[in-house]
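Okay, predicted coordinates and the sequence, questions at the end:
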Amino acid sequence: MFKKIKFKKLLMFAPLMTLMFCFNSPQNDDEKMQTIMVSVRNTLSYLHYSPKPINDAYSQDVYDKYFESIDASKRYFLQSDMDEFKKHYTKLDDYLNQGNLVFYKMTVDKLYQRVDEIDKMTQDILSKPINLDEDDELILEPKKRMNPANAKEQYNEWKKYIKYNILQEIETLNSKEEAQKKKKDSVVNNKLKDTIKYQPLSMEKKREKATAEVKDLITDSFRRFKKRKKMDWFSVYMNAYTEVFDPHTNYFSPKNKEEFDMTFTGKVIGIGALIQEKRGYLYLGALTIGAPAWKSKQLTEGDKILKVRSKPNEEPVNVVGMLSDEAVRLIRGEKGTPVTLTVEKKDKTIKEVTMIREEVTIEDTFARSIVVNSKNGKKYGFIYLPSFNVEFEKENGGRNASDDIKAELIKLKKQNVEGIILDLRSNGGGSLTEVGDIMGLFMNSGPYVQVKDSRGKIQVLNNKSNEPVWTGPLVIMQNELSASASEILAGVMQDYGRAAVIGSPSSFGKGTVQTFVELNRFLNTNDDFGSLKLTIQKFYRITGESTQRKGVESDIKMKDFFSYAEVGERFDQYALPWDKIEATSYKKLTGLNVPQLQTEIDKQIANDNNYKLLQESAQWKEALDKEETITLNQTKFNELMKSRKAQIDKFKALDKFNNGLKFTLHPDEAERIKKDEAFAKKTENWRKNLERDFYLEETVDALSKIK
């Protein structure tokens, strides 16, 4: 849950902040990092909802968190490195207080040293014959691994890792061959024109090809690693300090904050093209229909990018060998300004293309609707909401989730639907204010959430609208990845009895509110030091119950793909605890007969083979994720893959599942797909996924029973 708090609301802390946060402008990276450390420390201590004591116990937690982030697999650092690092186990609190970089610099310098050594090791390993017939195994579970005792042991561990990757590549080649053979057999059996190329490789050729592919991948990964600036690792280091406070308190470098803002608003200023990195070169990926790259008619997917000129009066920058995110920053810029790309086309010709940057909309961020034609002949409206997006800074108001939902409801009403399904599955949340505005689209005014700050002050937030757009039957879909704002909306609609919540037994369990605090606001400098996304409040349902850790319990429960995995706030050791406050005053609407609905759904799915297969598939995949070792003997590996394929074949029936529902696009969208190739493709994929959605079928059935 993200909340926009104006700076004036933090003025109560001004004297303390002025005393603690003022520094002269740093002269170099070291001074900048030191300043960030002390600023983060003070911001955490004075503004966090539940500040932790900065002591030796905190230091130990930060230490463990840090190494989980930079070497979780225990492949880079030797045990001797860890022994040296361990001397600082209880000192990280002191380093944070002082802005001392000794531990950070020691670990990162050692990391780059080990990467150089391992790069040479892997090249040596790959330059020699690799025996895949040895009876060996790789430990997959990091908690079962130990850091290598010496360089020889590290060499052997990387050799195992390389073997594993080669075996996976061989399996990929085998699978591709099998798929091609099936296609060819089908063509031949049906006496069709045979254009299918099927040229099976010998096992030796597969080994050679797989080894070459792994060599390229590993070489490229080390190249990218070495090009990362040490300041990038500093963000990882700072987040070890912040995430021990709670998992949603994070340090954002200026670059990371920019990425977050674009995701949150669904807008980016650029040319509308994905940039892909492969073996040291950058290529254009898919082009967004209607965006500058597409409109140029001179660029196509697969063009190799050689240079980027960000401004007309600057020299072009050679981007060969550059990391993709660095090149993207050169391509992005201010709206209405030119950017020039020098590209190599597939025919090897070189072309310079100048475009004017525009605001490109990331449509996957926004709400979308479709009419569901059920088996009983009734029409229902389905609205998918990916996030509670909002544009805070845009003049005259930007695009936001509540306006999008309103527009979709109006379209659906015109199509005479008899009920609405609001899909919040995998919606990670967003703006707190949007929850109240969306609630107001379905019912009259009333409280929708209670918010408590670090001083224990409780504020009740109210939706004040008495002009609902839709007052008919409503169900809300959720799963274990529905979090934050999704949980508040599902919870409040459930508490009022306005909607039935259907889906996984409970949602994610994120019951906290964050805001961004820009660190340079407290510093005597114009430099950008990044921001701290800081937990400042907890929110509670109008019943007084927190959603923290527990989430929202569905009215109609159906286990899904994530129900057997460790997904949710309750699995994070640093998550804030669940608690409860007094209920606020609210008037419950006519209640739904939830027990009866649950009983009817239970009867339907009890003997449903598709539902049983879904559960079996989820449990099997979860068991795979928990496997601690895997064989590196090719014969045994092949047998293992064979048994897995047999299991996967059993689950392929799910790919063919069709729920029998029919879908009708709004006339405007039906027209758009005739002109917009990208939109047409996305729409077709969306429709196919809806047709394969078992849970949507059951949700439609539940909705038909609500009067």
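Looks like it came in fine.

And stretch 376-390, end to end?
Across stretch 376-390, the terminal residues are separated by 38 Å (Cα to Cα, to the nearest Å).

list the buried ones in that stretch?
Going by neighbour count (16 or more other Cβ atoms under 10 Å), the buried part of stretch 376-390 is 379-390. Bear in mind the C-beta positions are built from the backbone N, C-alpha and C, glycine included.

can you give me the strands for the stretch 201-350 of the chain?
Counting by DSSP state E, counting those that start in this stretch, the stretch 201-350 of the chain has strands at residues 250-252, 267-270, 273-278, 281-287, 304-309, 317-318, 338-344, 350-356.

Would you mind finding the most buried of the ones you listed?
Scoring these by mean neighbour count under mean count of other Cβ atoms under 10 Å gives strand 250-252 as the most buried, with a mean of 24.

which strands and helices sit next to that strand?
Judged by 3 or more Cβ pairs under 8 Å, 6 or more residues apart in numbering; DSSP states H and E, strand 250-252 is in contact with helix 230-243, strand 531-540.

Below-threshold pLDDT in the stretch 501-650 of the chain: ranges please.
522, 524, 591 (pLDDT under 70).

typed the wrong thing, it's the stretch 201-350 of the chain
Across the stretch 201-350 of the chain, the ranges flagged by pLDDT under 70 are 264-265.

quick one on the thing from earlier: nearest to residue 334, of the helices and strands packed on strand 250-252?
strand 531-540 (20.8 Å; Cβ to Cβ).

Next, the angle helix 230-243 makes with the closest one.
When axes from the mean of the first three to the mean of the last three Cα atoms, to 10 degrees is applied, the directions of strand 531-540 and helix 230-243 differ by 20 degrees.

who does the very next helix or strand once past strand 531-540 pair up with?
Next helix or strand after strand 531-540 toward the C-terminus (DSSP states H and E): strand 556-557. Paired strands of strand 556-557, with direction, are strand 500-503 (parallel) (DSSP bridges).

which residues sit against the partner strand?
425, 474-479, 482, 490, 493-494, 552-558, 560, 592, 594, 597, 601, 695, 698-699, 702, 706 (Cβ atoms under 8 Å, 6 or more residues apart in numbering).

all helices of the stretch 401-550 of the chain, in order?
401-414, 432-439, 485-496 (DSSP state H, counting those that start in this stretch).

Output the shortest one in PDB, but only the C-alpha positions, please.
What follows is the C-alpha trace of helix 432-439 in PDB, where atoms were taken according to Å, rounded to 0.1, in the frame of the first residue of the first chain:
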ATOM      1  CA  LEU A 432      -4.700   3.700  -0.600                       C
ATOM      2  CA  THR A 433      -6.900   6.600  -1.800                       C
ATOM      3  CA  GLU A 434      -8.000   4.600  -4.800                       C
ATOM      4  CA  VAL A 435      -9.600   2.000  -2.600                       C
ATOM      5  CA  GLY A 436     -12.100   4.400  -1.300                       C
ATOM      6  CA  ASP A 437     -12.900   5.800  -4.800                       C
ATOM      7  CA  ILE A 438     -13.400   2.300  -6.200                       C
ATOM      8  CA  MET A 439     -15.600   1.400  -3.200                       C
END
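
re earlier: got the helices of the stretch 401-550 of the chain as a markdown table, with mean pLDDT and mean neighbour count columns?
Listed next are the helices of the stretch 401-550 of the chain as a markdown table, based on pLDDT from 0 to 100; neighbours: other Cβ atoms under 10 Å:
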| stretch | mean pLDDT | mean neighbour count |
| --- | --- | --- |
| helix 401-414 | 95 | 19 |
| helix 432-439 | 93 | 25 |
| helix 485-496 | 96 | 27 |
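
can you redo those as a markdown table with distance to residue 193?
Formatted as a markdown table, the helices of the stretch 401-550 of the chain follow (distance: least, Cβ to Cβ, whole Å):
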| stretch | distance to residue 193 |
| --- | --- |
| helix 401-414 | 45 |
| helix 432-439 | 54 |
| helix 485-496 | 51 |
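
Quick one: closest of those helices to residue 674.
Judged by Cβ to Cβ, the one of the helices of the stretch 401-550 of the chain that comes nearest to residue 674 is helix 401-414, at 18.3 Å.

quick check: angle from the closest one to helix 432-439?
Going by the same axes, to 10 degrees, helix 401-414 makes 20 degrees with helix 432-439.

May I have helix 401-414 as PDB, with CA atoms only?
Only the C-alpha atoms of helix 401-414 are listed here, as PDB (Å, rounded to 0.1, in the frame of the first residue of the first chain):
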ATOM      1  CA  ALA A 401      -7.500   2.900 -11.200                       C
ATOM      2  CA  SER A 402     -10.800   4.300 -10.000                       C
ATOM      3  CA  ASP A 403     -11.500   6.300 -13.200                       C
ATOM      4  CA  ASP A 404     -10.500   3.300 -15.300                       C
ATOM      5  CA  ILE A 405     -12.900   1.000 -13.300                       C
ATOM      6  CA  LYS A 406     -15.700   3.600 -13.600                       C
ATOM      7  CA  ALA A 407     -15.200   3.800 -17.400                       C
ATOM      8  CA  GLU A 408     -15.300  -0.100 -17.700                       C
ATOM      9  CA  LEU A 409     -18.500  -0.300 -15.500                       C
ATOM     10  CA  ILE A 410     -20.200   2.300 -17.700                       C
ATOM     11  CA  LYS A 411     -19.300   0.300 -20.800                       C
ATOM     12  CA  LEU A 412     -20.500  -3.000 -19.300                       C
ATOM     13  CA  LYS A 413     -23.800  -1.400 -18.200                       C
ATOM     14  CA  LYS A 414     -24.400  -0.400 -21.700                       C
END
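
want to try JSON lines for the strands of the stretch 201-350 of the chain, with distance to residue 578 as columns?
Listed next are the strands of the stretch 201-350 of the chain as JSON lines, based on distance: least, Cβ to Cβ, whole Å:
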{"stretch": "strand 250-252", "distance to residue 578": "22"}
{"stretch": "strand 267-270", "distance to residue 578": "36"}
{"stretch": "strand 273-278", "distance to residue 578": "41"}
{"stretch": "strand 281-287", "distance to residue 578": "43"}
{"stretch": "strand 304-309", "distance to residue 578": "50"}
{"stretch": "strand 317-318", "distance to residue 578": "51"}
{"stretch": "strand 338-344", "distance to residue 578": "50"}
{"stretch": "strand 350-356", "distance to residue 578": "51"}
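
Quick one: closest of the ones you listed to residue 218.
Per Cβ to Cβ, nearest to residue 218 of the strands of the stretch 201-350 of the chain: strand 273-278, 14.1 Å.

what sits up against that closest one?
Residues outside strand 273-278 that contact it (Cβ under 8 Å, 6+ apart): 220, 224, 282-288, 291, 293-294, 299, 305, 323-324, 327-328, 331.

Find the centremost residue of the protein, please.
residue 428 (8.7 Å; Cα atoms, centre = their mean).

What's the separation between it and residue 389?
For residue 428, the distance to residue 389 equals 11 Å [Cβ to Cβ, to the nearest Å].

before we move on, what about residue 659?
29 Å.

before we move on, back to that, the helices of the stretch 401-550 of the chain: which one's closest to residue 122?
Ranking these by proximity to residue 122 (Cβ to Cβ) places helix 485-496 first, at 43.4 Å.
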